[in-house]
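Engineer: I need the structure of the sequence given here:
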Amino acid sequence: MEMEKIISQNSSMYSRYLIGKVRHYMNRARQNELKPYDISPRQATVLFILHSLGHKSTLAELSKHSDRQINTLSQQITRMEKNGLVRKVRQTPKSALINFELTKKGSEIYNKIIEESSVEQIMSVLTENERQQLISLLKKIATAAEKY
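Structural biologist: Purely as a prediction, here's the structure:
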């Protein structure tokens, strides 16, 4: 008996299996799309968040919006800074509080990668109404999962 048939007998397990499978395929499609720009999907997410927050954010804000731990995000931001995508800026010259902002290179790459979206093509198999239903259902699951 193939694994999918076995798992499909338990709807909770099968749902989790399908969510994981979709995540894997969509992430792989996004990785392939981002290869020419030499950035990862997680780095693309940071660029998106920074752009959405007015090109500037603290590490705590980035952590909150990306659902990543501060230490993990700090390492990622350091790599992005070395690649010239973001830069550290102190709020005041002697302040310990640091903001991160998009560089010109980071903005240019963001503008290119936002236009090419495998996610849009993949999600186009659903109507707008179906996508809204999916969002609602996934939010419900995320809220329940957060408690664990």
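Engineer: Report the contact partners of the closest residue to residue 116 other than its chain neighbours.
Structural biologist: Nearest residue to residue 116, sequence neighbours excluded (C-beta to C-beta, 6 or more residues apart in numbering): residue 33, at 5.7 Å. For the C-beta atoms, the positions are set from N, CA and C on the backbone; glycine is no exception. Taking C-beta atoms under 8 Å, 6 or more residues apart in numbering, we find residue 33 in contact with 113, 116-118.
Engineer: Highest neighbour count among those residues?
Structural biologist: Highest neighbour count within these, by other C-beta atoms under 10 Å: residue 113, with 20 neighbours.
Engineer: The one helix or strand residue 60 maps to: how far from the chain's middle?
Structural biologist: According to DSSP states H and E, residue 60 maps onto helix 59-66. Remark: helix 59-66 is offset 12 Å from the chain centroid, using C-alpha atoms, centre = their mean, to the nearest Å.
Engineer: How about the contacts made by the residue nearest the centre of the chain?
Structural biologist: For the chain, the residue sitting closest to the mean C-alpha position, by C-alpha atoms, centre = their mean, is residue 45 at 3.9 Å. Listed by C-beta under 8 Å, 6+ apart, the contact partners of residue 45 are residue 66.
Engineer: Would you mind measuring from it to residue 125?
Structural biologist: According to C-beta to C-beta, to the nearest Å, residue 45 and residue 125 sit 23 Å apart.
Engineer: Also residue 69?
Structural biologist: From residue 69 to residue 125 the distance is 33 Å (C-beta to C-beta).
Engineer: other SSEs contacting the worst-scoring helix or strand of the chain on mean pLDDT?
Structural biologist: When each helix and strand of the chain is scored by mean pLDDT, DSSP states H and E, helix 3-7 comes last, with a mean of 72. Counting contacts by 3 or more C-beta pairs under 8 Å, 6 or more residues apart in numbering; DSSP states H and E, helix 3-7 is packed against helix 11-34.
Engineer: That concludes my questions; thank you for your assistance.
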